[in-house]
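**Student:** any chance you can model this:
(2 chains)
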Amino acid sequence: MSKGNLTRRGVLKTGAVAGAGLVLPTYLRAQESGFTNAPTGSTVTLGFNVPQSGPYADEGADQLRAYELAVEHLNGGGDGGMMNTFSSKALQGNGILGKKVEYVTGDTQTKSDAARASAKSMIEKDGAIMITGGSSSGVAVAVQALCQEAGVIFMAGLTHSNDTTGKDKRANGFRHFFNSYMSGAALAPVLAANYGTDRKAYHLTADYNWGYTTEEAVRTSTEAMGWETVGTVLTPLTQTDFSSYITPVLQSDADVLVLNHYGGNMVNSLTNAVQFGLRDRVVNGKNFEIVVPLYSRLMAKGAGANVKGIFGSTNWHWSLQDDGSKAFVQSFGTKYGFPPSQAAHTVYCQMMLYADAVERAGSFAPCAVAEALEGYQFDGLGNGPTLYRAEDHQCFKDVLVVRGKENPSSEFDLLEIVEVTPVDQVTYAPDHPQFAGGALGTCNNGA
Amino acid sequence: MDAIILQILNGLDKGSAYALIALGLTLIFGTLGVVNFAHGALFMIGAFCAVTLSKLLTLSHTVIDETRTDFLGNPLKVEVPYVYDVFGQATGDAIIDWAVPLSILFAIPVMILIGVVMERGLIKHFYKRPHADQILVTFGLAIVLQEIIKYYYGANPIPTPAPAAFVGSFDFGALIGFEPGQIIYPYWRLVYFAFAAVIIAAVFAFLQFTTFGMVVRAGMADRETVGLLGINIDKRFTIMFGLAAAVAGLAGVMYTPINSPNYHMGMDFLVLSFVVVVVGGMGSLPGAVLAGFLLGILESFASMREVIAIIPGINQVIIYLVAIIILLTRPRGLMGRKGVMED
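**Tutor:** Next up, the predicted model:
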């Protein structure tokens, strides 16, 4: 009878090594997929959270059109749009990392709670790995915070408040759209050149977050140019008739009215201001002028002929003649029959930037994607050379100063580009006072 | 002083809209006893009658202009309205320019029809139901109507300008001895105020000086007795519902040049109009008109910078504050009748 060398300690050692060997691949796989909604099949699901009802539903509809176009291009359909002009060549038209792009949509209703609920539903029920879209800063800030908690990337849509990448910035959130500071910095020199530096401005400001940051930005920039601010009045967001706010302007010695309003507020306040003959007035020996810091073509359409000759700023306009803009307008216009809005452009860019970052990172993991986006410099998406700044996840690019066109040739031809303000002029330090008070925190991969 | 005159003028046109909507609301409440939350939607549909007529008048066929290109570089498709073909360009332009006033003729039959269909088709089934049911069903109806409008016309405001003859403003101050340019008032707002005054006078005259109006007033006072006299009061009340719808609709038509209409404009006015009705006194037609103008003017004053500087935020709450004070001191409102909604 022979005695084998099988000892209890040996069995334990062998078992431990074998067990570790068996468990390790599983552990590594878990690490690879250890993030919220890691795609397992041949498809990847993205969540488009846009206003499909409420006052910005038309803007939301245009965003959805752009998203559908981007999905088509990413999956290899259509003419490829801005994929052909994008400086990065990581996208191959075979989906993202070889997975076909699918999407679900949610309705933000331009209400923070509804937007959070629809984003949550898309993440938890539909398995969306990224949330994007929206037409309001309040919504963007709310959904960005949710995505941070849930461990998914948020690629913001149309949001212009400084706070989105200022005091409310988050490590999982990214904004391509410009902001209030940039509007002020771009507009002020043009206003000074056209209206002079000795002006008295009166501000009517929508009584919510975006209104405050826009007023502050425009005031700071114009006062630095020599303008004096003689009055600021907050107007309720629900206000429809602004006559009682316009008439005190007649009594003041202001010679410029700045309307820090967007959407329906802008349409109504501008219409009322023109009705009350403000543009025909001469005050302090100068023609009275009106300024609308943030223009949207869709909203300008609502104000009709009242926008003629009025300065404002915009993120992008379809009449730009760079290769990226032309490719996007061609692609969008052929599919839908009319030119895209700035809302459509910014979300299309966000889709391309997200997909490209995933390809470059080689992973859908939010932290890997965030790392690929941080400090990323690119070109060919319609705004010239652009930087996704690492410190605040804000895109820095040229800003357009536009003016309501005197003789529009069509219902889309409402704004003319007056100046393309170079990016250097609208760049600010990450700790600029208008953006103070927040921190990105650390990226969250979720599950 | 000039600031005060300006705010009174501002209050008058705002008050005109409140008064017209509140008048219709009170008419419906006084005749049918229904709290109609869809009344704001009728104001909105009236505005969209103007939008619709504008669109009908600018219905076009396309002509290819080879000399110009569109945004894609293709030959430009120029839209030529059919009215140019029928009347020539000059007359066609004039007709299109006057689309809003012309919409009055278009809106009256449309709004009466909508009012009658609404009353016969839905609201009559809720006469004997509690007010809460009536509010729920009419509020639901308002949402359905505004979603239908949004489906066809989109969510964005649609510019519907006044005729060129009424564009611009009028120097009211210069007329009464102030410095030129201090009291400016847009022509169309004056038109709106005058129009509202005519409509309000017409409704009162109709109720006061016609046999039909006499029967309706009798029915408002004692429906049962009028019924016992063999008069079909229901039929007359249905017509009154149509009339109230037409008044709201006309208020909407004429409002379109003041603010570009959108699907939500009815809701913006509805709550305020209800406050107007309650402050004026439920069921009181003169009360509704009086409260409409009173609250319109107060709202204008509360929006003045000097007032906001003293009491921040007063512009957002003034109407509700006044409503609370009036209801505490005069529970039936300014001109409310005894017994209305008190059973």
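
**Student:** packing partners of the helix or strand encompassing residue B:300?
**Tutor:** Element membership for residue B:300, per DSSP states H and E: helix B:285-302. For helix B:285-302, the packing partners by 3 or more C-beta pairs under 8 Å, 6 or more residues apart in numbering or on different chains; DSSP states H and E come out as helix A:243-251, helix B:2-32, helix B:187-209, helix B:265-280, helix B:314-329. C-beta coordinates here come from the backbone N, C-alpha and C atoms, glycine included.

**Student:** report the buried residues of the last one.
**Tutor:** Going by neighbour count (16 or more other C-beta atoms under 10 Å in any protein chain shown), the buried part of helix B:314-329 is B:314, B:315, B:316, B:318, B:319, B:322, B:323, B:326.

**Student:** kindly report the same for the third one.
**Tutor:** Along helix B:187-209, the positions that meet the burial threshold by neighbour count (16+ other C-beta under 10 Å) are B:187-193, B:195-196, B:199-200, B:203, B:207.

**Student:** how far does stretch A:323-337 sit from the chain's center?
**Tutor:** Counting by C-alpha atoms, centre = their mean, to the nearest Å, stretch A:323-337 is centred 20 Å from the centre of its parent chain.

**Student:** rounded mean pLDDT for it, please.
**Tutor:** Stretch A:323-337 carries an average pLDDT of 96.

**Student:** tabulate the buried residues of helix B:187-209 (a markdown table), appending distance to residue A:91.
**Tutor:** What follows is the buried residues of helix B:187-209, written out as a markdown table (distance: C-beta to C-beta, whole Å):
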| residue | distance to residue A:91 |
| --- | --- |
| B:187 | 57 |
| B:188 | 53 |
| B:189 | 55 |
| B:190 | 60 |
| B:191 | 58 |
| B:192 | 56 |
| B:193 | 61 |
| B:195 | 60 |
| B:196 | 60 |
| B:199 | 62 |
| B:200 | 65 |
| B:203 | 66 |
| B:207 | 71 |
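
**Student:** for chain B, name the helix or strand with the lowest mean pLDDT.
**Tutor:** The helix or strand of chain B with the lowest confidence, counting by mean pLDDT, DSSP states H and E, is helix B:172-175 at a mean of 80.

**Student:** count the residues that sit near the residue of chain A found nearest chain B.
**Tutor:** Nearest to chain B in chain A, going by C-beta to the nearest C-beta, is residue A:304, at a distance of 3.0 Å. By the measure other C-beta atoms under 10 Å in any protein chain shown, the count of residues near residue A:304 is 21.

**Student:** local confidence estimate at it?
**Tutor:** Here, the pLDDT recorded for residue A:304 equals 88.

**Student:** and the closest residue to it other than its chain neighbours, how many residues sit next to it?
**Tutor:** Distances taken as C-beta to C-beta, 6 or more residues apart in numbering or on different chains place residue B:159 nearest to residue A:304, at 3.0 Å, with adjacent residues excluded. When neighbours are defined as other C-beta under 10 Å, residue B:159 has 21 of them.

**Student:** walk me through the domains of chain A.
**Tutor:** A:43-178+A:318-390, A:181-314 (automatic domain parsing).

**Student:** those into JSON lines, with extra columns for distance to residue B:274?
**Tutor:** Formatted as JSON lines, these follow (distance: least, C-beta to C-beta, whole Å):
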{"stretch": "domain A:43-178+A:318-390", "distance to residue B:274": "22"}
{"stretch": "domain A:181-314", "distance to residue B:274": "15"}
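
**Student:** lowest average pLDDT across those domains?
**Tutor:** domain A:181-314 (a mean of 92).

**Student:** what does the stretch 51-200 of chain A put close to chain B?
**Tutor:** The interface of the stretch 51-200 of chain A toward chain B, taken as C-beta under 8 Å from any C-beta of the partner chain, is made up of A:53, A:54, A:55, A:56, A:57, A:58.

**Student:** 6 Å - rerun?
**Tutor:** Taking C-beta under 6 Å from any C-beta of the partner chain as the test, the list of the stretch 51-200 of chain A residues beside chain B reads A:55, A:57, A:58.

**Student:** next one: the first one from residue B:146, what distance?
**Tutor:** From residue A:55 across to residue B:146, the span is 11 Å (C-beta to C-beta, to the nearest Å).

**Student:** ok, the second one next?
**Tutor:** Remark: distance between residue A:57 and residue B:146 (C-beta to C-beta) = 12 Å.
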